[in-house]
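Asks: Sequence first, predicted coordinates after that:
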Amino acid sequence: MKVLEYAIQDRLAARAALALAALFIYAVAVKIREPVQFADTIYGFTIRPAFLNLFALSLPVFEIACGLLLVEPQTRRIGALGVAPISVVNFAALVRGLTLDCGCFGNEAPSRGLMWLKSGLMRG
């Protein structure tokens with residue numbers, strides 16, 4: 001009986017990891033298509049101008065790496081460790097009442113409900 005429970009848990013974990021990986025990879029595709037818009041969006045997070053371009057260029061690379069690591073079972077935990085800080089930062093912003101657009105899904109008007117939904121999806 002325990003073997004069946006573990007098999008079901010493994011399948012659910014694999015599906016959740018694949019969904020999270022797809023979410024991150026899609027978000028990266030949007031950021032790469034509109035890099036100037038993404039840089040403008042993250043400027044709202046009061047990142048120092050000296051680091052803005054570096055952050056705007058490196059975050060999509062980091063996110064695609066995390067997404068790809070989530071796909072393979074042997075590297076899934078490493079990918080989850082990469083995704084965790086991003087999720088914590090987004091969740092902390094929501095708890096503080098910030099409604100900034102993260103730039104993850106294009107240039108849309110930020111809304112608190114939409115941000116809670118995205119945070120829930122990102123946490124898996």
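Replies: It's in.
Asks: Next one: residue 36 from residue 29, what distance?
Replies: For residue 36, the distance to residue 29 equals 16 Å [C-beta to C-beta, to the nearest Å]. C-beta coordinates here come from the backbone N, C-alpha and C atoms, glycine included.
Asks: higher neighbour count, these two?
Replies: residue 29 (11 against 8; other C-beta atoms under 10 Å).
Asks: and that one, what pLDDT?
Replies: Turning to residue 29, the model gives it a pLDDT of 84.
Asks: what do you get for the one 5 residues further on?
Replies: Here the pLDDT value assigned to residue 34 is 79.
Asks: The one helix or strand residue 59 maps to packs against which elements?
Replies: In the assignment (DSSP states H and E), residue 59 maps to helix 49-71. In terms of contacts (3 or more C-beta pairs under 8 Å, 6 or more residues apart in numbering; DSSP states H and E), helix 49-71 is packed against helix 2-33, helix 35-43, helix 76-95.
Asks: Pull out the buried residues from the second one.
Replies: Think helix 35-43. 38, 39, 41, 42 (16 or more other C-beta atoms under 10 Å).
Asks: what about dumping the CA coordinates of that helix to CSV?
Replies: Provided in CSV are the C-alpha atoms of helix 35-43 (Å, rounded to 0.1, in the frame of the first residue of the first chain):
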residue,chain,number,x,y,z
PRO,A,35,13.6,43.4,-22.6
VAL,A,36,13.2,47.2,-22.4
GLN,A,37,9.7,46.8,-20.9
PHE,A,38,11.0,44.2,-18.4
ALA,A,39,13.8,46.6,-17.3
ASP,A,40,11.2,49.4,-16.9
THR,A,41,9.0,47.1,-14.9
ILE,A,42,11.8,46.0,-12.5
TYR,A,43,12.9,49.6,-12.1
